[in-house]
Structures are given as structure tokens and as C-alpha cells.
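**Q** The following block contains a protein sequence and its predicted model.
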Amino acid sequence: MKKNNGHISRERHAMDHALAAMEQTELYCQAHPGSPAAVRRPRLFGRGDLWIALLGPSVEEGILGIGSTVAAALRAFDRQYLAGLRPPAEVMCDRRTTRSMSSAAV
């Protein structure tokens, strides 16, 4: 058995980090049970000082939330998920203008 001079191995540190992230995710989902993150359960990745919540096959094709904490990444994911469900404001304005114009013509 190798001795590590009292230092925690990288593997052990990574497992502790992953376990902490899972616990933080559970706490977030319990606090926000109807949120997209709680319902859809995006994958969570740590990259340097950032956390990434991803739903989908890739960053380019999926829904993404990035934050400095697990909760911040999940909040960002929730915002992006919900923004994808709403039509852009420009489309909404165009529809209102079209309706107003068609109402005035009657």
C-alpha cells in the first residue's frame, strides 16, 4: 500500500467534491421542487472554479447553466430552460402590432 504522507489522494478529493456537489444539488432541488433543475436533473460538471449544469448531448446542442457554485449553476440552468419556453419579446411585440392593425381594419 502506498503512503501519501498525510495528503488526501486526488481520487479521494474528486470523490469528496462530487459527493458535495450531489448533496448541494439535492438541497437545491428540495428547496425548488418544481424548478426545471429539479424536474429534469441536468448533469453537473466542475471546471476550474465554475460549475456547469447541462441537459442535452453537448454544450452546443443542450441547455446550459454556469455558475460559481452548484446552486448558481442550477439557477442559471433554470433561467435558460424557462427562457427557451417563452417566445422572444420581439415576436410578442410583432404579434401585438399585427393584432392591433387587424383590429383597426375591421
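**A** Yes, it's here.
**Q** residues contacting the residue nearest to the spatial centre of the chain?
**A** Central residue of the chain (C-alpha atoms, centre = their mean): Phe77, 2.3 Å from the mean position. By C-beta atoms under 8 Å, 6 or more residues apart in numbering, the contact list for Phe77 reads 36-37, 42, 53-55, 63-65. Where you see a C-beta, it was placed from the backbone N, CA and C, and this is true even at glycine.
**Q** ok, 7 Å please
**A** Remark: with contacts taken as C-beta atoms under 7 Å, 6 or more residues apart in numbering, Phe77 is in contact with 36-37, 42, 53, 63-65.
**Q** before we move on, what about Gln24?
**A** Per C-beta under 7 Å, 6+ apart, neighbours of Gln24: 70-71.
**Q** if you set the cut-off to 6 Å instead, what comes out?
**A** Neighbouring residues of Gln24 by C-beta atoms under 6 Å, 6 or more residues apart in numbering: Val70.
**Q** cool, Thr25 as well?
**A** Residues counted as contacts of Thr25 (C-beta under 6 Å, 6+ apart) are Val70.
**Q** re earlier: top of the contacts of Phe77 by number of neighbours, please.
**A** For these, the largest number of neighbours (other C-beta atoms under 10 Å) sits with Ala53, at 30 neighbours.
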